[in-house]
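A.B. asks: my questions are about this predicted structure, shown below with the sequence.
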Amino acid sequence: MDKLGRYQDAVVQAVAPLAPERVRLSLASGRRLAEPVHALRPAPPLTCSAMDGFAVRAADVTGPARLQVVRAIFAGDLPGAPLGPGQAARIYTGAPLPPGADAVVREEAAREEGAWVSFRAPVREGEHVRPQGEDVPAGGLALEAGARLGPRQLGLCVAVGVQEVVAVRRPRAVVLATGDEVVRGRTPDSNGPVLEAALAALGAEVELRRVPDDLDALTGELRGALAAADAVLTVGGVSVGARDHVRAALERLGAEVRVHGVPMKPGKPFLFALSGGKPVFGLPGSPSACLVAFEVFVRPALLRLAGAARPFRRRLELRLAAPLRGKPGRARLIWARLDDDGRVRPIGRDAAQIRGPALADALVVAPSEAGELAEGTPVETWLLEEGR
Ligand SMILES: Nc1nc2c(c(=O)[nH]1)N[C@H]1C(S)=C(S)[C@@H](COP(=O)(O)OP(=O)(O)OC[C@H]3O[C@@H](n4cnc5c(N)ncnc54)[C@H](O)[C@@H]3O)O[C@H]1N2
Ligand code: MOO
């Protein structure tokens, strides 16, 4: 991935995170934090019981013991008056421990007789007690900058009393699917909806448009897209054919074409340009090539635009479950599936395939110098994370 990695870095580094803004938590779902979140209140909010049972002073229960039950404390109650020596309080899960109490004996290990409770075994100080702030202390770091506010992260913010966060704006992306064949519907526009869904999954707002193979029409659409969006993706028309107009249209608009042609297979004709500081990604039309170029370049760049701390897929070195054919030259990216034994099985590599990407849960990267790779060879594997 060495040489290709340099292209990938050049594209991803050319993109900077969008402006941060302060937003209500309810509007921040799926966005990335531009600033860390610190707890405004501790979690748990008070030192509380982890069980239904009896709050005691551990020093009173060093062996079999009998204590007087002075009151009951429920979740949501205040801790109330201190517990004196020889006293116990009935307590329920999540209820605050009264001052003086330092342990809880579970219901099942206690015998209640009127106003008294007896225990057979000793109790350890701190047993079944959740100290205030054990999870996150007040002022403590709850989430780091760059973290995505998914469902569980939103829950953490609520628990630590945070109602507003500083998050990166949701990127706006326009996808222009080019080609008379997709405008007329003779070739189904399969790439457009894939990109639309994949970008939405990254937290972007997406508009998909279809454009004929006409330089003027494409130039106009690109101008409009660049005015409206933070990032523009084109599909098709980026190779050397008579109707491949993407580069020419961008040059007409004064865009700076930074990359056109990358040492990978599939996806060789990929183009990257900047126009007024905005990224434009020219993806090949052939479905597998389009989606590989999306994985290598667009996904990490968009995640960076969206403020993500770690924009790259998780990469593991896994052994091949079957030989991988091919010759040296360009880095090869192959759709693959993880076997149950942890090996990775290639599932075809024609640039036009569409079923391979749909079945895959990983991408294997064979370096440019590699020829045929034998079964069992360790290979770089990107986890696609969607599961099966
Ligand atoms: N003489 C050469 N020909 C080609 C070269 C080359 O270097 N010299 N490169 C090949 C490579 S590699 C690729 S990849 C393809 C990509 O070319 P384009 O990006 O210009 O794509 P198109 O020609 O417009 O379309 C290719 C193929 O994909 C279909 N397509 C287009 N858009 C969609 C869509 N939205 N959904 C589904 N399928 C789509 C289109 O109908 C074509 O079948 O070029 C090689 N040629
Ligand atoms: O690089 Mo193209 O994507 O092989 O067919």
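C.D. replies: Good, I have the coordinates. Numbers count the residues shown, from 1 in each chain. Ligands and ions are numbered 1, 2, ... in the order given.
A.B. asks: phi, psi for residue 22 please.
C.D. replies: As for residue 22, its main-chain torsions (degrees, to the nearest 10) stand at phi -80, psi 120.
A.B. asks: count of residues packed around it?
C.D. replies: Other residues near residue 22 number 11, with proximity taken as other Cβ atoms under 10 Å. Heads up, the C-betas are built off the backbone N, CA and C, glycines and all.
A.B. asks: what of residue 294?
C.D. replies: Neighbours of residue 294 under the rule other Cβ under 10 Å: 23.
A.B. asks: could you look up the SS state of it?
C.D. replies: Of the three states, residue 294 takes helix under DSSP: H, G, I helix; E, B strand; the rest coil.
A.B. asks: using CSV, write out every CA atom in stretch 324-343.
C.D. replies: C-alpha atoms of stretch 324-343 as CSV (Å, rounded to 0.1, in the frame of the first residue of the first chain):
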residue,chain,number,x,y,z
LEU,A,324,-4.9,-14.8,-4.9
ARG,A,325,-4.1,-14.5,-8.6
GLY,A,326,-2.6,-11.4,-10.2
LYS,A,327,0.6,-9.9,-11.4
PRO,A,328,2.8,-7.1,-10.0
GLY,A,329,2.3,-3.5,-11.1
ARG,A,330,-0.5,-1.8,-9.2
ALA,A,331,-1.8,-2.3,-5.7
ARG,A,332,-4.8,-4.7,-6.0
LEU,A,333,-7.9,-4.2,-3.8
ILE,A,334,-10.0,-7.3,-3.6
TRP,A,335,-13.5,-7.7,-2.0
ALA,A,336,-13.3,-10.5,0.5
ARG,A,337,-15.2,-12.3,3.2
LEU,A,338,-14.0,-13.3,6.6
ASP,A,339,-14.2,-17.1,7.2
ASP,A,340,-15.2,-18.3,10.7
ASP,A,341,-11.6,-19.4,11.3
GLY,A,342,-10.4,-15.8,11.0
ARG,A,343,-8.9,-16.2,7.5
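A.B. asks: so does that stretch get close to ligand 2?
C.D. replies: No - contact between stretch 324-343 and ligand 2, assessed by Cβ under 6 Å from any ligand atom, is absent, since the two come no nearer than 7.7 Å.
A.B. asks: per-residue confidence at residue 387?
C.D. replies: pLDDT, the model's per-residue confidence, is 45 for residue 387.
A.B. asks: how does the protein divide into domains?
C.D. replies: 2-18+170-305, 20-43+135-168, 48-130, 315-383 (automatic domain parsing).
A.B. asks: get me the contact residues on the chain for ligand 2.
C.D. replies: Counting by Cβ under 6 Å from any ligand atom, the residues of the chain that sit close to ligand 2 are 265, 266, 267, 268, 284, 286, 289, 351.
A.B. asks: quick one, phi psi at the residue lying closest to the first one once chain neighbours are set aside?
C.D. replies: Excluding the flanking residues, the one nearest residue 265 by Cβ to Cβ, 6 or more residues apart in numbering is residue 330, at 4.4 Å. Backbone torsions of residue 330, given as degrees, to the nearest 10, read phi -110, psi 150.
A.B. asks: residue 330 touches residue 261, doesn't it?
C.D. replies: No - taking contacts as Cβ atoms under 8 Å, residue 330 lies outside contact range of residue 261: 10.3 Å.
A.B. asks: overlap in contacts of the two?
C.D. replies: With Cβ atoms under 8 Å, 6 or more residues apart in numbering applied, the overlap between the contact sets of residue 330 and residue 261 consists of residue 268.
A.B. asks: so who does the residue nearest to residue 265 touch?
C.D. replies: For residue 330, the residues meeting the contact criterion (Cβ under 8 Å, 6+ apart) are 4, 263, 264, 265, 268, 368.
A.B. asks: returning to what we had before: which of the residues of the chain next to ligand 2 sits closest to residue 47?
C.D. replies: Using Cβ to Cβ, the shortest approach to residue 47 within these belongs to residue 267, at 57.0 Å.
A.B. asks: I'd like the distance between that closest one and residue 2.
C.D. replies: Applying Cβ to Cβ, to the nearest Å, the value for residue 267 to residue 2 is 17 Å.
A.B. asks: just want to know which of those two has more residues nearby.
C.D. replies: residue 267 (26 against 10).
A.B. asks: which pLDDT value goes with the closest residue in space to that one that isn't next to it in sequence?
C.D. replies: Closest residue in space to residue 267, ignoring its immediate chain neighbours: residue 293 at 4.0 Å, by Cβ to Cβ, 6+ apart. Residue 293 carries a pLDDT value of 98.
A.B. asks: for the one 5 residues further on, same thing?
C.D. replies: Residue 298 is assigned a predicted lDDT (pLDDT) of 98.
A.B. asks: can you tell me the SS state at the residue lying closest to it once chain neighbours are set aside?
C.D. replies: Nearest residue to residue 298 in three dimensions, chain neighbours excluded: residue 281, at 4.9 Å (Cβ to Cβ, 6+ apart). Three-state call for residue 281 (three-state DSSP): strand.
A.B. asks: so what's residue 281 up against?
C.D. replies: For residue 281, the residues meeting the contact criterion (Cβ under 8 Å, 6+ apart) are 231, 232, 233, 234, 270, 271, 272, 293, 297, 298, 301.
A.B. asks: repeat that for 10 Å
C.D. replies: Remark: with contacts taken as Cβ atoms under 10 Å, 6 or more residues apart in numbering, residue 281 is in contact with 11, 173, 175, 195, 231-235, 238, 259, 270-273, 293-294, 297-298, 301-302.
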